[in-house]
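Trainee: I'd like to go over a predicted model; first the sequence, then the structure.
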Amino acid sequence: MSNLHQAINEVRKQAVEVVSLRELGRRSESGRFVSTGLDRLDRVLDGEGLPAGSISELCGPSSSGKSSLVTRIMADITGKGGCVAYLDYFDVLSPEFLQHAGVDLENLLWIRGTREEDAVFCREGTARRAQGNISGQVAPGSSVFKRVIRQVEILIQSGNFSLVILDLAEPSSFRGYSAPAVPGGAWFRLQRAAEKSGGTLLLLSGRRLSSGAAARVLSLESRRGLWGGGKFSAPGSGPAGDLFRKKEKRALLLGMEGSVSVLKGGAGGGSILFHCHL
Amino acid sequence: MAVPSYFIAIYSSGLEPAVRSRHLIAPVSYPVKPGGLLFEVDARYRQETLEKIDSFSLPALRIGGAFTRTAAVFAALLAPGTILPYGREKGFLASFPLRHLSLQEALPPGFLDTMHSWGIRTFGELSAVPSGELVARLGQGALKLQRAAAGEDEGLPETLPEVPVFREKREFEHPIESTEALLFPLGEMVESVCRRVSGSGKAVQGIELVLNAEDGGRDRKKTETSLPSRNSRLLASLLRLELETVALSSGITSIEMEAYPARARHLQYSLLEPETLAPEEKELTIAMAEKSWPESRVGVPAVLDSHVPDPGCSVEWRETRFFREKKARGGTAGDLEGKGNRSQASISMALRRERPPRPVSLREQDIVSCAGPWKYSGGWWSGEESLQSWSREEWDVELKSGELLRIFWHFGESRWYLEGVYD
C-alpha cells in the first residue's frame, strides 16, 4: 500500500462522516411537514407539504403566481395560530391583499428591506454580470449578503416561526436587473440551521437560487390572465385612450391561471394547474 | 439628648423625581393629603434637606416646615415658604379661617355651621375652646379637629410603601477599551440586579446603562422588554445588542446600571396545550433581527383605515398580539399538524408592489388585454400642491410576456406608473 492510500485510509478512519448532497437532503427531512393548505399540492409534495427542517424553493417569473401561493400558505399557517416571518427584501408585500386572502396579519412578522440595500445588492450583482460573472454572484464577503444570511439564520434558529420566508424575487421585469445569486455554500449553511432547529425556510425567487440545498423545488409558470365581462372597444380618455385605442377592453381582471411543477423532491415530479382570483 | 424631628412638607406638580429619590433627600418620608410628600429629618439638618429639595428644581413648589407634621402641611398649603421655629405652630395657625381645616381632616357634616353659630371662625378660636366642653357637645372627633387647629399631631403617620431602587455600579482599576470585555462585568451586574428585583417580588421592565468614559464622556443605553422579566440571560443579551452599537472613543472607567421594576406577569398555560416557547425567546429573536439589519423595518403588517394608495404599513411589533400571546402556537411545523381546514381552498391573487411606484413606458403592441379605467382621486382638499393629493386612472393590463400589471396614469405628471405586478 502506497503512502497515499495509507493516508487516505487514515483520513477515512478519522473522518466523522462524509455525506453526499443527496444524503444530506434526505437527512434533512425530519418527518414533519408544513402544509401548503392545498390538498392537491400537498399530494404532489409527498402527500403532506413542505418538509420541516429544510429549505424549499418556489421559483417562477413575474405573474407566475408564486406570491399568491405563498399567501395561501401563510393564510393556512397563521389561521391555525402559527407565526410566519417574511423577509421582504424588495419591500413588495401588500398587507391589504394578505388580509383579503385570509392571512392573520398579527401572526406575521414583516421584515422590510430598504431601497438603499436593494440598490447596493443589485448593483453588486449587475456589476459582476458585466464583468463576465454570468450568474452575478455576490461575493461572500459582501456586507449585504452577510446581513441577509444572518437575518434568515437568526429567524430559523429561534424556532419561533412555523415558516420563515425569504423573498428574493424581483418585483417586476421593469427594474432591468435581478437579485444576484447567493453563493451555494450559504444555502447549505441555512439548510444546516434549519435542520438543527426544525425550522422551515421557504425561498421565493425569480429563478432557481438554492443550488442543491433545497429539499423541495417548485417551479411556477404563468398560463394566462382570467378576464371577465364582454369585449368592447376602449374609448379611453386622453393619453390612456392612446395606449389602449386599438385594444379590446375587458370589464374586469378576475384572476390568473398558472401551473406548478415539482422539480425536486416530492412524489415524482408532478405538475398541477391552479387558479388565483382577485 | 434626643434631637427632635423636623417636618418638611412639599407640594409640586412635578413631584415624581422627589418621590423616586426621596431616600436621597431624607431617610423617612410619608405621603400627605392632598398629594404631597412629608419628610422627617433631624432638626439640625433641616437646612441641608431644604437645599437638596431645591436641587430638584420642582415646578410650582409649595414648601413648609415645622416641628409637627400638621403644622408643616398647613404651612406648605396656606403660607408656602414658611419654616416655623419650635413652639410657634399654634400662633402661626391661629388666624387662618376654620374652613381650611378640611385640607387635612375630614369635617363631619354641619361642623362648620355649628362653629359659625358659636362664633368660632378661625383655627385660633377653635383651639381656645375648652376641650371637655367641646367633647361633651360634639364627641371625640371634635377633639381631633381641635388639636389639628392647634398644629398638634394625632397618632402615627401613614407610611408610604417603599419604592425600591435597583442600582449597581462597577468601577474598574484600568479603563476597558473594548465592548466585548465589558460583557463580563455587565453579565454579573445584570444577574445581581435581577436577583434583587426578583427578591422584591417584581420583575425587570427595563434597564438603563451608563458608561463613564475616561475622557469624561457618558454614554447611555436603555433597553426595555415588552413584558417584565426576571431572566438575566435575556436582559444581558438585549444589553449586549445595545452595546454593539456603541463606538468607544476612550476607555470605560465605570458602569452604572439601574433596573426599572414592574409587576411580574402571571401566565397560566393550559395543560392541554403543547409546550410553549417563552415570550422572552421571541423578544430576543426580534431584537437580534432588528440589530442585524438596522436600516430595515421590522414589524407586524397593518392595513390602515384609509383610501390612500398603498394603505398598508408595518407597526411596532411590541404593541401587537404577535408578541403578547400566541406563544402556544408559536412552535414549528409539527405543532400545527392536523389543525385547520384542509378542504380544497381557493387562492387569492397577490400584488407585488413597487414602492414607490415606478415610471414605465408601455407600447401598445406589448399589451394583450386590459381592463379599466378606475378613476381614483383624493387628498385634493389638502391643497393643490399637497403631496398628499392624488388623481389617477388605474388599469389592469396583461402583457405578451405574461406579466399582469396594475398601472396608473398620473394626471399631475402625465405619465404611466407601475403600481405593482399581480403574482
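Mentor: Here it is on my side, so go on.
Trainee: which residues touch the residue lying closest to B:L103 once chain neighbours are set aside?
Mentor: Nearest non-adjacent residue to B:L103, counting by C-beta to C-beta, 6 or more residues apart in numbering or on different chains: B:L77, 5.4 Å away. Just so you know, the C-beta spots here come from the backbone N, C-alpha and C atoms, and that holds for glycine as well. Contacts for B:L77 (C-beta atoms under 8 Å, 6 or more residues apart in numbering or on different chains) come out as B:9, B:11, B:36, B:62, B:64, B:100, B:103.
Trainee: tell me the mean pLDDT for the strand ranked longest in chain A?
Mentor: Longest strand in chain A, counting residues (DSSP state E): strand A:214-228. In this model, strand A:214-228 has a mean pLDDT of 84.
Trainee: ok, back up a step: a markdown table please, covering the contacts of B:L77 and showing neighbour count.
Mentor: Formatted as a markdown table, the contacts of B:L77 follow (neighbours: other C-beta atoms under 10 Å in any protein chain shown):
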| residue | neighbour count |
| --- | --- |
| B:A9 | 25 |
| B:Y11 | 20 |
| B:G36 | 20 |
| B:R62 | 18 |
| B:G64 | 26 |
| B:H100 | 15 |
| B:L103 | 16 |
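Trainee: Quick one: check the longest strand of chain A for contact with chain B.
Mentor: Yes. Judged by C-beta under 8 Å from any C-beta of the partner chain, strand A:214-228 and chain B are in contact via A:222, A:224-225, A:227.
Trainee: That strand: which residues count as buried?
Mentor: A:214-222, A:225-227 (16 or more other C-beta atoms under 10 Å in any protein chain shown).
Trainee: List every C-alpha atom in that strand, with coordinates, as CSV.
Mentor: Output in CSV follows, covering the C-alpha atoms of strand A:214-228 (Å, rounded to 0.1, in the frame of the first residue of the first chain):
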residue,chain,number,x,y,z
ALA,A,214,-33.3,22.8,-1.1
ALA,A,215,-35.2,19.7,-0.3
ARG,A,216,-38.2,20.7,-2.5
VAL,A,217,-38.1,22.9,-5.5
LEU,A,218,-41.3,24.1,-7.1
SER,A,219,-41.4,25.9,-10.4
LEU,A,220,-44.3,28.0,-11.4
GLU,A,221,-45.4,29.2,-14.8
SER,A,222,-48.0,31.6,-15.8
ARG,A,223,-50.6,30.4,-18.2
ARG,A,224,-52.9,33.3,-18.7
GLY,A,225,-54.9,36.1,-17.1
LEU,A,226,-58.6,35.3,-16.5
TRP,A,227,-60.7,38.2,-17.7
GLY,A,228,-64.4,38.7,-17.2
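Trainee: So which other helices or strands are in contact with that strand?
Mentor: Under the contact definition 3 or more C-beta pairs under 8 Å, 6 or more residues apart in numbering or on different chains; DSSP states H and E, strand A:214-228 sits against strand A:50-51, strand A:54-59, strand A:252-264, strand A:271-277, strand B:367-378, strand B:390-399.
Trainee: right, and out of the buried residues of strand A:214-228, which lies closest to B:P109?
Mentor: A:L226 (81.0 Å; C-beta to C-beta).
Trainee: Run through the bridge partners of that closest one.
Mentor: A:G255 (DSSP bridges).
Trainee: quick one: contacts for it?
Mentor: By C-beta under 8 Å, 6+ apart, the neighbours of A:L226 are A:253-257, A:275, A:277.
Trainee: now those: which count as buried?
Mentor: Buried among the contacts of A:L226 by 16+ other C-beta under 10 Å: A:253-256, A:275.
Trainee: re earlier: just checking, the residue nearest to B:L103 is part of a helix?
Mentor: Yes. B:L77 forms part of a helix when assessed by DSSP: H, G, I helix; E, B strand; the rest coil.
Trainee: separation between it and B:Q104?
Mentor: Applying C-beta to C-beta, to the nearest Å, the value for B:L77 to B:Q104 is 8 Å.
Trainee: Now B:G379: phi and psi?
Mentor: With angles defined as degrees, to the nearest 10, B:G379 sits at phi 70, psi 0.
Trainee: which one is it nearest to, not counting chain neighbours?
Mentor: B:G379's closest residue in space is B:S389 (C-beta to C-beta, 6+ apart), at 3.6 Å.
Trainee: List the residues that contact the most far-flung residue of chain B relative to its centre.
Mentor: Distance from the C-alpha centroid of chain B peaks at B:Q365, with 61.1 Å (C-alpha atoms, centre = their mean). By C-beta under 8 Å, 6+ apart, the contact set of B:Q365 is B:K400.
Trainee: Am I right that it falls within a helix?
Mentor: Yes. The assignment for B:Q365 (three-state DSSP) places it in a helix.
Trainee: Map the structural domains onto the sequence of chain B.
Mentor: B:5-149, B:166-263, B:351-422 (automatic domain parsing).
Trainee: would JSON lines of these with mean pLDDT be doable?
Mentor: Shown next, in JSON lines, are those (pLDDT from 0 to 100):
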{"stretch": "domain B:5-149", "mean pLDDT": "84"}
{"stretch": "domain B:166-263", "mean pLDDT": "85"}
{"stretch": "domain B:351-422", "mean pLDDT": "82"}
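Trainee: count of residues packed around B:L418?
Mentor: B:L418 has 22 neighbours, counted by other C-beta atoms under 10 Å in any protein chain shown.
Trainee: Assign it to helix, strand or coil.
Mentor: Following three-state DSSP, we place B:L418 in the strand state.
Trainee: wait, isn't it in contact with B:P357?
Mentor: Yes. Using C-beta atoms under 8 Å, B:L418 makes contact with B:P357 at a distance of 6.1 Å.
Trainee: that older thread, out of the buried ones among the contacts of A:L226, who's nearest B:E413?
Mentor: A:L253 (24.6 Å).
Trainee: Tell me the spatial nearest neighbour of that closest one, not counting adjacent residues.
Mentor: Closest to A:L253 by C-beta to C-beta, 6+ apart is B:D396, at 4.0 Å.
Trainee: picking up where we left off before, looking at the helices and strands packed on strand A:214-228, which is closest to A:Q99?
Mentor: Proximity to A:Q99 (C-beta to C-beta) singles out strand A:271-277 among the helices and strands packed on strand A:214-228, at 15.5 Å.
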